[in-house]
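Peer 1: next input, structure requested:
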Amino acid sequence: MMKQVYEVYELLDSPSASGAEVKAYLEQLGQAEITVSTVEGDKGSTDFIKIVIAGKNGRLQGGDSPTLGVVGRLGGLGARPEMIGFVSDGDGAAASIAAAAKLLSMQSKGDVLDGDVIICTHICPDAPTQPHDPVPFMDSPVDILTMNQYEVTPEMEAILSIDTTKGNRVINHKGIAISPTVREGYVLRISEDLVDIAQNVTGEPCVTFAVTTQDITPYGNDLYHINSILQPAVATSAPVVGVAITAAAPVPGSATGASHEGDIALAAKFAVETAKAYGRGQCSFHSEKEYQHITKLYGSMKHLQTMGKSE
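Peer 2: Modelled structure (predicted):
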């Protein structure tokens, strides 16, 4: 995976980084349906990229293997001209694109996954920043609703959301950490299958992180969010798990020289290994039976996916 990470990092660490360049890089590796959409926002523009890699028994082939979604969540790859170079916040994009590159390389050699995989992120080398405690946040040219519109699709039956999560004092660990499963306003138990995959990938005990109710509500409601890692969960009925790329000390998302290729590779490998197992029915994000039981006992929590009541 390091080969893909190095190549992707060099591609993205540029003031001219674009969705078109990423598409051209991926198309030389294998067969995928890749679309790029340039979207203008109040604070600039960004290129959304969607990579659809068909499985041998996936929905696209008329098969019954489920479809995994991988979302590389970020504000931007860079904060130019305020900061020079690739910022820590861009790790989610780097990891998701590296995972796509690895899957396409595997495919070209004959290792085709059972299920389809849909990978979405966006490419913005000059995003703005905004104040946040304890360290500054990266902002984005477009709002979260627009991101979800382009990065979360109805075909995704389970979603991994990869995001740099270093600007906090909650996860004091360098590497990756996974969240509990979130579905339609419920924070469910941590998936044992994903714990196994994380331990296999890292060779260490699985690190998890706490999720609060605020974190799974939409941005813009004046509530504190650790970051945008679980924002995809407000736009889907599918189970979502956050894959955090973490640090042992608080690191601003706008910091340059703060990305660690090994940690990006761990997140990308975790996504690839989850895609292998999920398409074969060997990995569950949650118990459907238990989810149905909790909703029967306590009702719908879908209101947490909305902006709530107006004051």
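
Peer 1: can we go C-alpha only for contacts and neighbour counts from here?
Peer 2: Will do.

Peer 1: for this protein, which segments count as helices?
Peer 2: With DSSP state H as the criterion, the chain has helices at 2-12, 19-27, 91-109, 144-151, 192-202, 261-279, 288-298.

Peer 1: what sits against P218?
Peer 2: 231, 234, 304-307 (CA atoms under 8 Å, 6 or more residues apart in numbering).

Peer 1: shouldn't A100 be in contact with I51?
Peer 2: Yes: applying CA atoms under 8 Å, one finds A100 in contact with I51, separated by 7.4 Å.

Peer 1: between these two, point out the one with more neighbours.
Peer 2: Counting neighbours by other CA atoms under 10 Å for A100 and for I51 shows that A100 has the greater number, 28 against 23.

Peer 1: tell me how far the closest residue in space to Y186 that isn't next to it in sequence lies from P232.
Peer 2: Excluding the flanking residues, the one nearest Y186 by CA to CA, 6 or more residues apart in numbering is M301, at 6.3 Å. Relative to P232, M301 is positioned 16 Å away (CA to CA, to the nearest Å).

Peer 1: same question for G55.
Peer 2: For G55 relative to P232 (CA to CA), the value is 23 Å.

Peer 1: look at M301 and P232 and report which has more neighbours.
Peer 2: A direct count of neighbours by other CA under 10 Å for M301 and P232 places P232 higher, at 31 against 13.

Peer 1: Y9: neighbour count?
Peer 2: Y9, neighbours per other CA under 10 Å, totals 22.

Peer 1: need the contact list for the residue lying closest to it once chain neighbours are set aside.
Peer 2: Sequence neighbours aside, A94 is the residue nearest to Y9 in space, at 6.3 Å (criterion: CA to CA, 6+ apart). Taking CA under 8 Å, 6+ apart as the criterion, A94 is in contact with 5, 8-9, 12, 72, 264.

Peer 1: which residues touch C283?
Peer 2: With the criterion set at CA under 8 Å, 6+ apart, C283 makes contact with 193-194, 274, 277.

Peer 1: ok, the residues you listed vs G76, which is closest?
Peer 2: T274 (25.5 Å; CA to CA).

Peer 1: which neighbours do A100 and I51 share?
Peer 2: Going by CA under 8 Å, 6+ apart, residues that sit against A100 and also against I51 are I119.

Peer 1: how close does the closest residue to P154 other than its chain neighbours sit to E82?
Peer 2: Nearest residue to P154 in three dimensions, chain neighbours excluded: T236, at 7.3 Å (CA to CA, 6+ apart). Plainly put, T236 is 35 Å away from E82 if you go by CA to CA.

Peer 1: repeat for E157
Peer 2: From E157 to E82 the distance is 39 Å (CA to CA).

Peer 1: let me see the contact set for the residue nearest to P154.
Peer 2: Here T236 is in contact with 152-154, 184 (criterion: CA under 8 Å, 6+ apart).

Peer 1: mind checking how far the residue nearest to Y186 is from T274?
Peer 2: 27 Å.

Peer 1: and P252, by the same measure?
Peer 2: 29 Å.

Peer 1: same question, C206
Peer 2: In terms of CA to CA, C206 sits 14 Å off from T274.

Peer 1: more crowded one of those two?
Peer 2: T274 (23 against 17).

Peer 1: dump the residue contacts of the more buried one.
Peer 2: 194, 197, 283.

Peer 1: now I162
Peer 2: 70-73, 92-93, 95-96, 229, 242-245, 267.

Peer 1: which residue, other than its chain neighbours, is closest to V142?
Peer 2: Closest to V142 by CA to CA, 6+ apart is G41, at 4.7 Å.

Peer 1: beta partners for that neighbour?
Peer 2: G44 (DSSP bridges).

Peer 1: now R183
Peer 2: Y186.

Peer 1: roughly how far does it sit from I119?
Peer 2: Taken as CA to CA, the span from R183 to I119 is 19 Å.

Peer 1: again with L223
Peer 2: 29 Å.

Peer 1: who has more neighbours out of these two?
Peer 2: Between L223 and I119, I119 has the larger neighbour count (other CA under 10 Å), namely 28 against 11.

Peer 1: residue contacts, G308?
Peer 2: Here G308 is in contact with N221 (criterion: CA under 8 Å, 6+ apart).

Peer 1: which helices and strands does the helix or strand of the chain with the lowest mean pLDDT pack with?
Peer 2: In the chain, no helix or strand scores lower on mean pLDDT, DSSP states H and E than strand 137-138, which sits at a mean of 77. Packing partners of strand 137-138 (3 or more CA pairs under 8 Å, 6 or more residues apart in numbering; DSSP states H and E): strand 129-130.
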